[in-house]
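> Sharing a model that was predicted from the sequence below.
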Amino acid sequence: MIRLREWFLRLLGTIRPKRRDSDLEEELRHHLALAAEDEHRRDVPDDGARRAARLRAGDLAQTLETLRDQRGLPWLEDLGRDFRFALRLACRQPRFSLMIVATTALAIGFSTALFSVVDATLLRPLPYPHAEELMDGGVGYEVQELDRLFYSVAISDIRRWRRSDAIAGAAGWRYAPGVVLAGAVPVRATVRDITEGYFGVYGVMVSPGRDFTTADTAMGAAPVVIVSHALWQMTLGGEVAAIGRLIRYGDVTAEVVGVAPAGFQPDVSIWRPALAAATTVDFRGAVESVLRVKAGTKVDDVARQLSAMTPVGERRSAAGGSGALGAPVRLTSVRDGEVARHADLVALLGAAVALIVLIACVNIAGLLFARGATRTGEMAIRTSLGAGRSRLIRQLLIESLALAIVGGAAGVLLASISLDGLLAILPMRLEPGAAVSINAR
């Protein structure tokens, strides 16, 4: 505890040097006065007493410097002086400093922005409870002309899989064209068609209101929708009484039966039932699927169990096909599937980032070597004044560090500004609910 208090006092003395120096000078004056008074007791005249006191105290400047070291942190003071000198040097050479900062900012900004996109799309866990249990499912069918299996799924396959005790839920979904909600101020809304049980698979609950049922997906059922939390707040006032209210888009009038949780799949505004007509309910390729396997089960075992209850179909024909069971079923982690789809792109982006950083390092090293060649006289003078090799190396490192800090801050700012543009040009799809941002990683 005493040691910690000593370090705190020394740090305080380093941060507030003027107060520390005034205290030291006052203490030295008091010490000299006491010494002079002691000489007076020996019958020494006033002038002689003060002179004798100074001789006994020794070199006051050296004494003051020693006390400063004892009551401060000399290495921290030296570091502060080095940084101030580095900033003054940068201001005296603005063109050189600007080139270093701009090169650093471009390299760090580009690499940070790319990593942020890759992190959001491929590395960050999905924003759902126990996201590692979420799987994409597909039933294999053979295309003889290509001699390979393709995978897709039908609504009837999904409903059949729900009877398995190896999965906690299964649902289907598909993209749908956007709509414009009628009202005093028309609102454009993004739409996704889903089967019953969709929200349960993702581990969330519709509240207020209810989820879709099988009856909602039947042909001829009354149009119903589940709205996003943001749309509920913006157009329906965020009131529970909005459940049951009618909204209109195009020539359709639908009843609002539920509200999705806040933040759930923010790229979607409206969820509609994926209508399953008798002629399309068995059609493979009509929807995409998402399943949640039970904790502790092996994916291969689940796939085999689902295969045993899945009828064989030909190409994208009715799932009933030949009527025989045992169609191959493939389960892929939602996250792993996204990584696999973009593996080549990620490798290309990684190579591009490495090349950009390498070019920036070479350019910066060349600029620093060129400036170093013009400072040989300065280094010689510093050496003649007593600066050792380690002292010179530390000063040069701090000069480079100061420029790197400014360039790094500018790079992070550049990355945050360019994120949206980078997302627009990269062929990488964000998972629903994922958000791109600059973070500590």
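That came in fine, so what should we check first?

> any chance you could map the helices in the stretch 101-250 of the chain?
155-161, 198-201, 229-235 (DSSP state H, counting those that start in this stretch).

> just checking, what packs against the second one?
Packed against helix 198-201 by the contact rule (3 or more CB pairs under 8 Å, 6 or more residues apart in numbering; DSSP states H and E) you find strand 167-181, strand 288-293. All C-beta spots, glycine's among them, are computed from the backbone N, C-alpha and C.

> Which one of the ones you listed lies nearest to R84?
strand 167-181 (57.1 Å; CB to CB).

> so where's this structure uncertain?
1-76, 120-123, 142-150, 183-184, 313-323, 337-342, 423-437, 439-441 (pLDDT under 70).

> mind listing the strands in it by residue range?
Per DSSP state E, the chain carries strands over the ranges 134-143, 148-152, 167-181, 187-194, 224-227, 246-249, 252-259, 270-273, 288-293, 329-333.

> now A410, nearest residue through space, not along the chain?
A105 (3.8 Å; CB to CB, 6 or more residues apart in numbering).

> Can you get me a residue count around the one you found?
A105 has 21 neighbours, counted by other CB atoms under 10 Å.

> hmm, back to that, the strands of the chain into JSON lines, with extra columns for distance to G238?
Below are the strands of the chain laid out as JSON lines (distance: least, CB to CB, whole Å):
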{"stretch": "strand 134-143", "distance to G238": "29"}
{"stretch": "strand 148-152", "distance to G238": "39"}
{"stretch": "strand 167-181", "distance to G238": "16"}
{"stretch": "strand 187-194", "distance to G238": "15"}
{"stretch": "strand 224-227", "distance to G238": "11"}
{"stretch": "strand 246-249", "distance to G238": "15"}
{"stretch": "strand 252-259", "distance to G238": "9"}
{"stretch": "strand 270-273", "distance to G238": "16"}
{"stretch": "strand 288-293", "distance to G238": "29"}
{"stretch": "strand 329-333", "distance to G238": "36"}
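
> Just send these back as JSON lines, with mean neighbour count too.
Listed next are the strands of the chain as JSON lines, based on neighbours: other CB atoms under 10 Å:
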{"stretch": "strand 134-143", "mean neighbour count": "20"}
{"stretch": "strand 148-152", "mean neighbour count": "15"}
{"stretch": "strand 167-181", "mean neighbour count": "18"}
{"stretch": "strand 187-194", "mean neighbour count": "17"}
{"stretch": "strand 224-227", "mean neighbour count": "24"}
{"stretch": "strand 246-249", "mean neighbour count": "17"}
{"stretch": "strand 252-259", "mean neighbour count": "18"}
{"stretch": "strand 270-273", "mean neighbour count": "24"}
{"stretch": "strand 288-293", "mean neighbour count": "23"}
{"stretch": "strand 329-333", "mean neighbour count": "18"}
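
> right, and those - which one's nearest D211?
Across the strands of the chain, closest to D211 is strand 252-259 (CB to CB), at 6.4 Å.

> just the angle between that closest one and strand 167-181, please?
130 degrees (axes from the mean of the first three to the mean of the last three CA atoms, to 10 degrees).

> Does anything pack onto strand 252-259? Which helices or strands?
Counting contacts by 3+ CB pairs under 8 Å, 6+ apart, strand 252-259 packs against strand 224-227, strand 246-249.

> got a list of contacts for it?
Defining contact as CB atoms under 8 Å, 6 or more residues apart in numbering, one finds that strand 252-259 is touched by 206-212, 216, 222-229, 232, 236, 242-248, 272.

> Which one of the helices and strands packed on strand 252-259 lies nearest to T280?
strand 224-227 (19.3 Å).

> helices or strands up against the closest one?
So strand 224-227, by 3+ CB pairs under 8 Å, 6+ apart, packs with strand 252-259, strand 270-273.

> Using PDB, write out the CA atom coordinates for stretch 286-304.
These are the backbone C-alpha positions of stretch 286-304, laid out as PDB (Å, rounded to 0.1, in the frame of the first residue of the first chain):
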ATOM      1  CA  ALA A 286     -40.100 -22.900 -53.500                       C
ATOM      2  CA  VAL A 287     -38.500 -21.900 -50.200                       C
ATOM      3  CA  GLU A 288     -35.200 -21.900 -48.300                       C
ATOM      4  CA  SER A 289     -35.100 -23.700 -45.000                       C
ATOM      5  CA  VAL A 290     -33.700 -23.100 -41.500                       C
ATOM      6  CA  LEU A 291     -33.600 -25.700 -38.800                       C
ATOM      7  CA  ARG A 292     -32.500 -25.800 -35.200                       C
ATOM      8  CA  VAL A 293     -31.000 -29.000 -34.100                       C
ATOM      9  CA  LYS A 294     -31.200 -30.000 -30.400                       C
ATOM     10  CA  ALA A 295     -28.300 -29.400 -28.200                       C
ATOM     11  CA  GLY A 296     -25.800 -32.300 -28.000                       C
ATOM     12  CA  THR A 297     -27.000 -34.000 -31.200                       C
ATOM     13  CA  LYS A 298     -24.600 -34.700 -34.000                       C
ATOM     14  CA  VAL A 299     -25.400 -33.100 -37.300                       C
ATOM     15  CA  ASP A 300     -24.600 -36.200 -39.300                       C
ATOM     16  CA  ASP A 301     -27.000 -38.300 -37.200                       C
ATOM     17  CA  VAL A 302     -29.700 -35.700 -37.600                       C
ATOM     18  CA  ALA A 303     -29.200 -35.600 -41.400                       C
ATOM     19  CA  ARG A 304     -29.500 -39.400 -41.500                       C
END
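
> Please compute how far it lies from its chain's middle.
29 Å (CA atoms, centre = their mean, to the nearest Å).

> and what of stretch 162-177?
30 Å.

> ok, now how distant is R382 from P311?
According to CB to CB, to the nearest Å, R382 and P311 sit 85 Å apart.

> Neighbour count for the two, which is higher?
Neighbours were tallied for R382 and for P311 using other CB under 10 Å; the higher tally belongs to P311 (20 against 15).
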